[in-house]
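Asker: This is a predicted model, with the sequence first.
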Amino acid sequence: MICTVTFNPSLDYIVRVDDMRLGVINRTTYEQVLPGGKGINVSIVLGNLGHESCALGFLAGFTGAEIARRVREAHVHADFIEVENGMSRINAKIKSNEETELNGQGPLITEENIEQLYAKLDVLGQGDTLVISGSVPNTLPGDMYERIMARLGGRGVRIVVDAERDLLTRVLPHHPFLVKPNNIELGDIYGAQLKTRADVVPYAQRMQREGARNVLVSMAGEGGVLVAETGEVFESPAAKGTVVNSVGAGDSAVAGFLAGLAETGSYETAFHMALSAGSASAFSDHLATRPEVEALMAR
């Protein structure tokens, strides 16, 4: 079983505006509404690649109901916890001369809601995979990642973490199965500028020594690096293509890695499937599909 956790899901309202100006009425030339959240993106791409998963997290209000509907519409099993106070956030992404984002707050999550999440996670055991990713809203304890990993410790659950800075470094002693920083995030953690794949390798190995079993580093147009628990190091340039939308590319890489590893048991194949899935999402206005990923892998 693969489960994903999105602590603060959203409805992403994506619009394009020609020459946006402040203080006047601006009219959109393109609109799209998508369920948002890193864990949700991972579940959707896993489904597109033919692998079932269960999406967990907290939802509230009419926006929460719409998120759940759209997730199920994407053929993902949704098992969200309904929160009483507030509403799930709407994130507006405005594409114009410059890109601007307005992100909502999200609902008030109570201790009872947290216990409900724990109850759902407690069914996981040997051979199961849990993906926890994204930011932690201020209505949750800042150490939610560590709490979850400590609770599931010793059960044989493979835990994947995709988060920034302290959220990531604090879980390393719990030995996550996979972490997926990008090169900028990895550099920020260690105070270095990592521009090339050669730059990335020693710092990914350092993160592995500090506790991560596998370290997958995405690098946008530069491709990526995988330092595997087998001791192998894989690196590859990115596929050629025109970037349409980078949102969800990193999440797609996580899904591609898990799908590739499940299908072949090969870290090398999992790595190339991860890069191809990330590129496939970046090259389109939707999340990666199986035919798109296979076409990029063949290239």
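Answerer: Received the coordinates, thanks.

Asker: hey, what's residue 236 bridged with?
Answerer: Taking DSSP bridges as the rule, residue 236 bridges to residue 224.

Asker: ranges for the helices of the stretch 1-150 of the chain?
Answerer: Remark: helices assigned in the stretch 1-150 of the chain by DSSP state H, counting those that start in this stretch are 38-48, 61-73, 111-121, 144-152.

Asker: What I need now is the ones you listed written out in JSON lines, including mean pLDDT, mean neighbour count and distance to residue 28 for each item.
Answerer: To be clear about C-beta, it is placed using only N, CA and C from the backbone, and glycine gets the same treatment. Putting the helices of the stretch 1-150 of the chain into JSON lines (pLDDT from 0 to 100; neighbours: other Cβ atoms under 10 Å; distance: least, Cβ to Cβ, whole Å) gives the following:
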{"stretch": "helix 38-48", "mean pLDDT": "96", "mean neighbour count": "28", "distance to residue 28": "23"}
{"stretch": "helix 61-73", "mean pLDDT": "95", "mean neighbour count": "18", "distance to residue 28": "19"}
{"stretch": "helix 111-121", "mean pLDDT": "96", "mean neighbour count": "15", "distance to residue 28": "35"}
{"stretch": "helix 144-152", "mean pLDDT": "94", "mean neighbour count": "18", "distance to residue 28": "36"}
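
Asker: can you put those in CSV and add distance to residue 290?
Answerer: Output for these, formatted as CSV (distance: least, Cβ to Cβ, whole Å):
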stretch, distance to residue 290
helix 38-48, 6
helix 61-73, 18
helix 111-121, 28
helix 144-152, 30
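
Asker: Show me the one of those that comes nearest residue 295.
Answerer: With Cβ to Cβ, the closest approach to residue 295 among these belongs to helix 38-48: 13.5 Å.

Asker: And for the closest one, what's in contact with it?
Answerer: Applying Cβ atoms under 8 Å, 6 or more residues apart in numbering, the contact partners of helix 38-48 are 2, 4-6, 9, 35, 52-57, 67, 71, 74-76, 131-134, 162, 248, 250-252, 254-256, 258-259, 277, 281, 287-290.

Asker: what ranges do the strands span in the stretch 51-200 of the chain?
Answerer: 54-59, 77-78, 81-82, 89-95, 99-102, 129-133, 158-162, 178-179 (DSSP state E, counting those that start in this stretch).

Asker: The ones you listed: lowest mean pLDDT?
Answerer: When these are compared by mean pLDDT, strand 99-102 comes last with a mean of 86.

Asker: what's in contact with that one?
Answerer: The contact list for strand 99-102 (Cβ under 8 Å, 6+ apart) reads 20, 91-94.

Asker: about what we covered before: right, so of the strands of the stretch 51-200 of the chain, which gets closest to residue 213?
Answerer: It's strand 178-179; of the strands of the stretch 51-200 of the chain, that one is closest to residue 213 (Cβ to Cβ) at 7.0 Å.

Asker: now the closest one: how far from the chain's centre is it?
Answerer: Between the centre of strand 178-179 and the centre of its chain there are 11 Å (Cα atoms, centre = their mean, to the nearest Å).

Asker: and that strand, what other elements does it pack with?
Answerer: Secondary-structure packing of strand 178-179 (3 or more Cβ pairs under 8 Å, 6 or more residues apart in numbering; DSSP states H and E): strand 158-162, strand 214-218.

Asker: and that strand, which strands flank it?
Answerer: By DSSP bridges, strand 178-179 pairs with strand 158-162 (parallel), strand 214-218 (parallel).
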